[in-house]
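**Q** kindly return the folded structure for what I paste below:
(one chain, ligands or ions: 1)
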Amino acid sequence: MNFKKSTFTSINNLFILSVFLMTSFHLSAQPTIKDVLNNSDAGRVDLSIPLRDEINSSVLPVTIINGVQKGPTFVVVAGIHGYEYPPILAVQRIMNKIDHNKLKGSLIFLPIANIPSFYGRSPFFNPLDKKNLNNVFPGKKDGTITEQIAYLITKEIISECDVFVDIHGGDANEDLLPFVCYYDRADSRNQTKLAAKLCKISGFENIVSYNYNITPSQPAIYAFKQATQDGKVALSIEAGKLGNVQNEAVDQIESAVFNMLYEMNMYQDEHKKNLQKVSTKTFNQQSYLKSTIQGILYSDLLSGDNVVQGEVVGSVTDVWGKKLQELTAPASGIILYKIGTPPVNEGETIFCIGYNKE
Ligand SMILES: [Zn+2]
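**A** Here you go, the predicted structure:
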């Protein structure tokens with residue numbers, strides 16, 4: 001059963017009574033993600049999972065589409081950061097294009113993982129508890145709303161999936177070069193190989209691989225690092241920037257997800273044969289220039305520009321316009337992302353430079 005609003009209003013009193021009588025009512029009121037996945041019926045189910053902590057309440061919307069044939073379970077997440085709009089709009093399009101008759105396996109979509117951040121127009125943080133959802137994995141069962149979302153994703157979604165794709169973009173202040181990325185986990189070769197392959201055929205030109213260096217008991221912090229730690233094929237897409245909707249980024253994300261589904265033999269449609277091969281560049285090293293002060297940032301450089309180590313890439317002034325610091329590139333390479341608006345705070349990454357070491 002799905003708690004649509006009209007249903008909810010009409011049985012509101014009953015609902016409140018039931019919560020008093022049976023605190024687990026909200027869990028049994030609708031099928032779990034696992035129930036829907038194991039249900040043999042092909043088609044789509046939209047769920048709205050209620051969340052409540054001591055102060056706030058929210059929901060986690062989930063859409064599950066079961067194909068006509070059995071196959072892998074593929075997860076697509078948008079809106080872990082609710083101010084990153086191209087991923088959210090691309091997932092809207094993808095979900096509504098999928099015909100379950102052409103699908104082998106199951107798709108799980110989180111169309112907007114962080115509802116309070118989206119409707120609160122809040123970059124990075126959930127305004128309810130001031131936490132960054134992409135900084136709290138694996139989450140906590142009885143934690144704040146953000147921690148509960150992370151916990152649900154870890155325990156009920158990552159645990160059920162074969163492939164986990166988390167889609168982000170440049171947040172309100174971030175200028176970003178579109179790229180796909182994965183963790184180069186050496187002790188999980190097959191998963192890493194497939195993640196790299198899915199990046200390669202995604203249609204994105206730039207592929208970033210990150211070092212994977214956490215132990216099994218260390219908190220993964222990030223959503224797709226959690227999926228990597230849990231032994232899944234995990235990757236992330238980054239497209240769009242500066243809190244805007246760029247249609248090109250929406251298109252790019254949409255075709256990347258379809259290309260991955262084609263590669264997995266999970267989806268058949270007329271576009272499959274028109275796949276265009278894109279030559280790719282890989283960046284397996286990252287160098288971060290972090291701010292040591294608060295101030296006003298000046299930089300004429302943009303994401304995608306190449307820089308040479310030691311080159312002046314910008315400056316920071318105080319609020320009276322006095323130059324406090326000259327910024328120089330920490331490495332030679334390409335600007336993957338940078339702060340694209342004037343405010344800068346101590347400890348923030350101003351530039352991320354990507355380069356390749358054989
Ligand atoms: Zn993000």
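
**Q** is Lys34 in a helix, a strand, or coil?
**A** Secondary structure for Lys34, judged by DSSP: H, G, I helix; E, B strand; the rest coil, is helix.

**Q** the closest residue to Pro178 other than its chain neighbours and the ion, how far apart?
**A** Closest residue to Pro178 apart from its sequence neighbours, by Cβ to Cβ, 6 or more residues apart in numbering: Ala239 at 4.2 Å. C-beta here means a position set from N, CA and C on the backbone, and glycine is covered the same way. To the ion, Ala239 is 11 Å away according to Cβ to the ion, to the nearest Å.

**Q** what is the burial count for Ala239?
**A** If you count neighbours by other Cβ atoms under 10 Å, Ala239 ends up with 26.

**Q** before we move on, what about Ser236?
**A** Neighbour tally, Ser236, other Cβ under 10 Å: 27.

**Q** same check, this time on Gly321
**A** As a burial measure, Gly321 scores 7 neighbours (other Cβ under 10 Å).

**Q** can you verify it is assigned to a helix?
**A** No. Counting by three-state DSSP, Gly321 is located in no helix; its state is coil.

**Q** what sits closest to it if chain neighbours are left out?
**A** Counting by Cβ to Cβ, 6+ apart, the residue nearest Gly321 is Ile296, at 7.9 Å.

**Q** any idea which element the one you found lies in?
**A** Using DSSP states H and E, Ile296 maps to strand 295-298.

**Q** that strand pairs with which strands, parallel or anti?
**A** strand 312-317 (antiparallel), strand 343-344 (antiparallel) (DSSP bridges).

**Q** need those strands in TSV (columns: distance to the ion, mean neighbour count and mean pLDDT).
**A** Listed next are those as TSV, based on distance: least, Cβ to the ion, whole Å; neighbours: other Cβ atoms under 10 Å; pLDDT from 0 to 100:
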stretch	distance to the ion	mean neighbour count	mean pLDDT
strand 312-317	23	18	98
strand 343-344	18	18	98
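
**Q** and the strand holding Ile296, what's buried?
**A** 295-297 (16 or more other Cβ atoms under 10 Å).

**Q** number of nearby residues for Glu270?
**A** A count of nearby residues for Glu270, using other Cβ under 10 Å, gives 7.

**Q** secondary structure class for it?
**A** coil.

**Q** picking that back up, could you dump the strand holding Ile296 to CSV, C-alpha only?
**A** The C-alpha coordinates for strand 295-298 follow below in CSV (Å, rounded to 0.1, in the frame of the first residue of the first chain):
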residue,chain,number,x,y,z
GLY,A,295,37.4,35.9,2.5
ILE,A,296,36.4,36.9,-1.0
LEU,A,297,37.6,34.7,-3.8
TYR,A,298,38.8,36.0,-7.1
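
**Q** whatever helix or strand comes next after it pairs with which strands, and in what direction?
**A** Next along the chain after strand 295-298, taking DSSP H and E as the criterion, comes strand 306-307. The sheet places strand 306-307 alongside strand 333-339 (antiparallel), with pairing taken from DSSP bridges.

**Q** ok, for Asn244, nearest residue in space, not its chain neighbours?
**A** Excluding the flanking residues, the one nearest Asn244 by Cβ to Cβ, 6+ apart is Tyr85, at 7.0 Å.

**Q** which residues touch the one you found?
**A** 169, 240, 243-245 (Cβ atoms under 8 Å, 6 or more residues apart in numbering).

**Q** CA atoms of stretch 282-294 as CSV?
**A** Provided in CSV are the C-alpha atoms of stretch 282-294 (Å, rounded to 0.1, in the frame of the first residue of the first chain):
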residue,chain,number,x,y,z
THR,A,282,41.3,9.1,-17.1
PHE,A,283,42.4,11.0,-14.0
ASN,A,284,43.6,8.7,-11.3
GLN,A,285,45.1,11.4,-9.0
GLN,A,286,43.5,14.4,-7.3
SER,A,287,45.1,17.4,-5.7
TYR,A,288,43.1,19.7,-3.5
LEU,A,289,43.8,23.4,-2.8
LYS,A,290,42.0,24.1,0.5
SER,A,291,41.4,27.6,1.9
THR,A,292,43.3,28.5,5.1
ILE,A,293,41.3,31.7,5.5
GLN,A,294,37.8,33.2,5.1
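
**Q** any residues touching it, and which ones?
**A** Applying Cβ under 8 Å, 6+ apart, the contact partners of stretch 282-294 are 179, 184, 206-210, 297, 313, 316, 324-325, 327, 329-331, 333-334, 336, 344-357.

**Q** can you check which of the strands paired with strand 295-298 gets nearest to Ile214?
**A** Proximity to Ile214 (Cβ to Cβ) singles out strand 343-344 among the strands paired with strand 295-298, at 28.7 Å.

**Q** next structured bit after the closest one?
**A** Counting by DSSP H and E, what follows strand 343-344 is strand 349-355.

**Q** could you chop this structure up by domain?
**A** The chain is divided into the following domains under automatic domain parsing: 1-30, 31-281, 287-355.

**Q** quick revisit: let's have the strands paired with strand 295-298 in JSON lines, adding distance to Gln30.
**A** Listed next are the strands paired with strand 295-298 as JSON lines, based on distance: least, Cβ to Cβ, whole Å:
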{"stretch": "strand 312-317", "distance to Gln30": "51"}
{"stretch": "strand 343-344", "distance to Gln30": "43"}
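
**Q** state the mean pLDDT of the strand holding Ile296.
**A** Averaging pLDDT along strand 295-298 gives 98.

**Q** this completes my enquiry, with thanks.
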